[in-house]
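Student: Could you work out the structure for the sequence below:
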Amino acid sequence: MAEQEQRLFMLIDDEPAQSRLISALAAREGWRTVIARDSETAIATLGTRQGMQLSAIILDQWVPGDDACALIAELKSRRPALPILMLTASTSPLLAVEAMRAGATDYLVKPVAPDRLMHALRTATTREAPSDELAPLTEKMPSNPDFESMIGAAPNFRKALAVAAKAARGHGPVLIEGETGSGKEMLIRAMHAASPRSKAPLRIVNIGGLPANSIESALFGHEKGAFPGAFDRQVGALQHCDGATLALDEIDRLPLSVQERLLESIRKSDVRPIGARHSFRIDVRLIAASNLPLQDLMTEGHFLPELLEALSPTKVSLPPLRERTGDIAALARFFLARIGEQPGLRALGITDGALSLLAAYDWPGNVRQLQAVLFRAAVFCDGDALTSQDFPQLTNILGTGLSTSPSSPMHESSGVMLYTADGNLRPLDEIEADVIRLAIGLYRGRMTEVARRLGIGRSTLYRKLGELGIDNAA
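Tutor: Okay, here's the model as predicted:
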């Protein structure tokens, strides 16, 4: 019974259909729901016996409308420790800033995927660090979809970019593998921008975001009356992208039956909609992305060997952020510059102590999670630079044993570690190599700019790259 009381949340929503959906999703993970249809009922519920058992609140912005932030502040003043998640159709950074400053724990943009909603609810009620709840907002911040926007100097990351840049100039299929949040979608857009089809559209279909019974129709299309509920003819993504580029994200979640159809379309360069009597010739550049290694899925019998072969004449493996922690400083500064351009926010620096804290975390949500955590910290920062105190959840997770004091021998200078774990200075060639890697990441692989900023000639720079064993692939 105690466990049930800990798993109760209040949903403030006046739409019966959405209320039923959210309640049903939450019930799958052991949550019970109390529904309030308006602001007055929500406030009154807090004082009831049931209200005292709440572990979280989910608020649909449309219920209080323009007064959403005022309602959040009122709820927070009555129950300061209660997490509040706001659902909204708006992607306005200013609204996100206002809601979070009013006390909202998370800001979710509708339509929100069921797994993302439940992950946000779990995160809000545990000590887990924020993951990707702000992704729908932060990913909409303006960026240039090119390889220069891919920040990082780690050898495994630069190697992946080099493979992708070379493949972008061709027309064949490409497979991109990497954990959630590692930058697969950004790489897809960069490849498209550098490809011969850059003037044609790019369409990204997220397989994991589609209902299982509609995946086949979404890809191949269907004729009117092909199945119950097919009231109109629908052109599938493959036919829609004739002459263009189609990216299939989370292809690891493609059902085996649909894998067979996709393989046939790739081999024959045509597509046959469900219920159609004939096929259509297509010329589509196909890019597939997977969160899981497809080789492992194939071994387990969940992915067709022939389809894997057809999709991966070129394979790009993006490393997780925990395998390139030396890039965190450059990424943090890059994201803070973009965040500072958003309405209601301003440009912020970041201290070496804060960078040390960020580097100590393993980032299960990868680059996307780092961006969301920086956004959250920037919203509440009153100073001119983020410090370790602006990341209380990370501090709680990592414990107090991590030293982030500027007087610590582990102190970082501009993101470059000067000392070894035992407090002694690192060898000069190691520090020099880190400075060069930092410059390559900061100036996005533009070697002329890297040489100019370091005050050396390009020939000297390339000589040092060889001597220090630095891979400058870009």
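Student: need the helices for the stretch 101-250 of the chain, in chain order.
Tutor: Per DSSP state H, counting those that start in this stretch, the stretch 101-250 of the chain carries helices over the ranges 114-124, 135-138, 155-168, 184-193, 215-220, 237-240.
Student: Serialize those to TSV and add fields for distance to residue 286.
Tutor: C-betas here are computed from N, CA, C, even on glycine. TSV is the format used below for the helices of the stretch 101-250 of the chain (distance: least, Cβ to Cβ, whole Å):
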stretch	distance to residue 286
helix 114-124	25
helix 135-138	25
helix 155-168	12
helix 184-193	11
helix 215-220	11
helix 237-240	9
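Student: Confidence-wise, which of those helices is weakest overall?
Tutor: Sorting those by mean pLDDT places helix 135-138 lowest, at a mean of 47.
Student: What is the least confident helix or strand in this structure?
Tutor: Least confident helix or strand, the chain: strand 412-413 with a mean of 40, by mean pLDDT, DSSP states H and E.
Student: ok so, going back, could I get the helices of the stretch 101-250 of the chain as JSON lines with distance to residue 281 and mean neighbour count?
Tutor: As requested, these are exported to JSON lines (distance: least, Cβ to Cβ, whole Å; neighbours: other Cβ atoms under 10 Å):
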{"stretch": "helix 114-124", "distance to residue 281": "37", "mean neighbour count": "19"}
{"stretch": "helix 135-138", "distance to residue 281": "37", "mean neighbour count": "21"}
{"stretch": "helix 155-168", "distance to residue 281": "24", "mean neighbour count": "20"}
{"stretch": "helix 184-193", "distance to residue 281": "22", "mean neighbour count": "22"}
{"stretch": "helix 215-220", "distance to residue 281": "14", "mean neighbour count": "21"}
{"stretch": "helix 237-240", "distance to residue 281": "10", "mean neighbour count": "22"}
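Student: Any stretches of this structure with poor pLDDT?
Tutor: 1-6, 126-144, 399-424, 471-474 (pLDDT under 70).
Student: Got the domain ranges for it?
Tutor: According to automatic domain parsing, the chain comprises the domains 2-126, 155-317, 322-468.
Student: quick one, which of those domains is nearest to residue 146?
Tutor: Residue 146 lies closest to domain 155-317 among those, at 5.1 Å (Cβ to Cβ).
Student: isn't residue 18 right next to residue 60, touching?
Tutor: Yes - taking Cβ atoms under 8 Å as the definition, residue 18 is a contact partner of residue 60 at 7.0 Å.
Student: The two: which is more packed in?
Tutor: residue 60 (22 against 16; other Cβ atoms under 10 Å).
Student: who's in contact with that one?
Tutor: If a contact means Cβ atoms under 8 Å, 6 or more residues apart in numbering, then residue 60 has 11, 12, 13, 14, 15, 18, 86, 87, 88 as its contacts.
Student: For residue 361, find the nearest of the helices of the stretch 101-250 of the chain.
Tutor: helix 114-124 (14.5 Å).
Student: can you give me how far the closest one is from the chain middle?
Tutor: 14 Å (Cα atoms, centre = their mean, to the nearest Å).
Student: Which strands or helices does that helix pack on?
Tutor: helix 16-27, strand 56-60, strand 84-88, strand 106-109 (3 or more Cβ pairs under 8 Å, 6 or more residues apart in numbering; DSSP states H and E).
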